[in-house]
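1. For reference, the sequence and a predicted model appear below.
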Amino acid sequence: MNLEQLKQLKEKAQKQIALRESGKKYRVVVSMGTSGIAAGAREVMKTMLDELEKRGIESVEVAVTGEIGMVDAEPVVRIEEAGGEKTTYAKVNPEIARQIVAEHLEKGRKVQSAAVGKAKEQE
Amino acid sequence: MLEELSLHILDIAMNALAANATRIEISVLETRRHDRLILRVHDNGRGMDAATLEKVLNRRITTKTTRPKSIGLGLALLRQTAEMCDGHFQIRSNPGRGTTVTASMRLSHVDRPPLGDLNATLITLCAANPNVDVRLDYRTDQEHFRFSSQELTPKGEVHP
């Protein structure tokens, strides 16, 4: 634990909050129950936040949820589009998380290799 | 299972969010002088009645079919860690008055997990829940640092 790091946290947290609040086009939900955390969901979340900030993407809202009953697929990340379409990514690691931001959230192209199930259309 | 104490903190804080807390107070005390590490997570969520609390303490692990809120497993893990490291685990809760989870361990115990990336834990909690006041009170023999996600002026101070 480094006190200097902690001091920088404040500023960073504010930035991340601003990022989160300005979002509209996509909503990212990271499963942050015990099994998700044990599988590395926190690092996935942090990577996505850092990557969104780095790329200056502001149209994305990031949220967390508790256990979702997909224990063996954790860490799970769900992307909800403003239009209602949902994509679920399983066994996400920081590298896949970066891909999701670069491809799906920035360019609108799904990362098929990490997506599971069928995309649900609500209309 | 959870390799860092900061992951345990995140896990307990997620319980607090599930209980609709608007304020989560995390305190970490690391004292070499007394060879203790004490973690406390206090929330102002809806709390639990005695019957629910008993279930939690009996390690009633929630399964998929009975999962209104998967409370139980994470607490059991933290208790196991605390007890393995010559420490104690305590949970206090009252309906409407929030919940306090406290875990202590021997700082120098060989099995004590590292505190780990407390930064990442706080960033995760703050970013995902901008309306929740996430507070940290971090104290060692030499230092004292306080953080609140809702206060614009940082209160962080070092007391040598």
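-> Thanks, I have the structure now.

2. how much distance is there from the longest helix seen in chain B to the middle of the chain?
-> Longest helix in chain B, counting residues (DSSP state H): helix B:5-18. Taking C-alpha atoms, centre = their mean, to the nearest Å, the mean C-alpha location of helix B:5-18 is offset from the chain mean by 6 Å.

3. Next, the residues that contact that helix from outside, please.
-> The contact list for helix B:5-18, computed with C-beta atoms under 8 Å, 6 or more residues apart in numbering or on different chains, reads A:32-34, A:37-38, A:42, A:64, A:66, B:2, B:24, B:26, B:28, B:37, B:39, B:41, B:43, B:45, B:69, B:71, B:74-75, B:77-78, B:81, B:99, B:101, B:103, B:113-118, B:120-121, B:124-125, B:129, B:132, B:134. In this view, the C-beta of every residue, glycine as well, is placed from N, C-alpha and C.

4. Mind giving me the ChimeraX select for these, buried ones only?
-> Only the buried entries of these go into this ChimeraX selection, using 16 or more other C-beta atoms under 10 Å in any protein chain shown:
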select /A:32,33,34,37,38,42,64,66 /B:2,24,26,28,37,39,41,43,45,71,74,75,77,78,81,99,101,103,113,115,116,117,118,120,121,124,125,129,132,134
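
5. show me where the chain has helices.
-> Because you didn't say which chain, this covers chain A. For chain A, the helices defined by DSSP H cover A:3-21, A:34-39, A:41-54, A:94-99, A:106-107.

6. look at chain B instead
-> For chain B, the helices defined by DSSP H occupy B:5-18, B:50-57, B:73-84, B:118-128.

7. related to what we said a few turns ago, distance to chain B and mean pLDDT for the helices of chain A - can I get that in TSV?
-> Shown next, in TSV, are the helices of chain A (distance: least, C-beta to the nearest C-beta, whole Å; pLDDT from 0 to 100):
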stretch	distance to chain B	mean pLDDT
helix A:3-21	4	67
helix A:34-39	4	92
helix A:41-54	5	94
helix A:94-99	11	95
helix A:106-107	18	92
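
8. of all those helices, which gets the most neighbours per residue?
-> helix A:34-39 (a mean of 25; mean count of other C-beta atoms under 10 Å in any protein chain shown).

9. which stretches of chain B have low pLDDT?
-> B:57-72, B:152-160 (pLDDT under 70).

10. which bits of it sit near chain A?
-> B:1-2, B:7, B:10-11, B:14, B:17-18, B:30, B:62, B:64, B:67, B:69-70, B:73-74, B:77, B:115, B:117-124, B:126-130, B:136, B:138, B:143, B:145, B:147, B:149, B:154, B:156, B:158 (C-beta under 8 Å from any C-beta of the partner chain).

11. and those residues, which are buried?
-> B:1-2, B:7, B:10-11, B:14, B:17-18, B:30, B:62, B:70, B:73-74, B:77, B:115, B:117-124, B:126-130, B:136, B:138, B:143, B:145, B:147, B:149, B:154, B:156.

12. Identify the spatial nearest neighbour of the residue nearest the centre of chain A, chain neighbours not counted.
-> Geometric centre of chain A, nearest residue: A:Val28, 4.7 Å, by C-alpha atoms, centre = their mean. Leaving aside its chain neighbours, A:Val28 sits nearest to A:Val62 (4.8 Å; criterion: C-beta to C-beta, 6 or more residues apart in numbering or on different chains).

13. Tally up the residues packed near that neighbour, please.
-> By the criterion of other C-beta atoms under 10 Å in any protein chain shown, A:Val62 has 21 neighbours.

14. now do the one 10 residues further on
-> A count of nearby residues for A:Asp72, using other C-beta under 10 Å, gives 8.

15. how about the nearest residue to B:Arg46 once chain neighbours are set aside, what does it touch?
-> The shortest distance from B:Arg46 to any non-neighbouring residue, by C-beta to C-beta, 6+ apart, is to B:Ala19 (4.9 Å). Taking C-beta under 8 Å, 6+ apart, we find B:Ala19 in contact with B:Asp43, B:Gly45, B:Arg46, B:Gly47, B:Lys69, B:Gly98, B:Thr99.

16. closest to A:Gly56 among the residues you listed?
-> Nearest to A:Gly56 among those is B:Asp43, at 34.1 Å by C-beta to C-beta.

17. Now do the contacts for that closest one.
-> By C-beta under 8 Å, 6+ apart, the residues touching B:Asp43 are B:Ala13, B:Asn15, B:Ala16, B:Ala19, B:Ala21, B:Arg23, B:Ile24, B:Glu25, B:Gly98, B:Thr99, B:Thr100.
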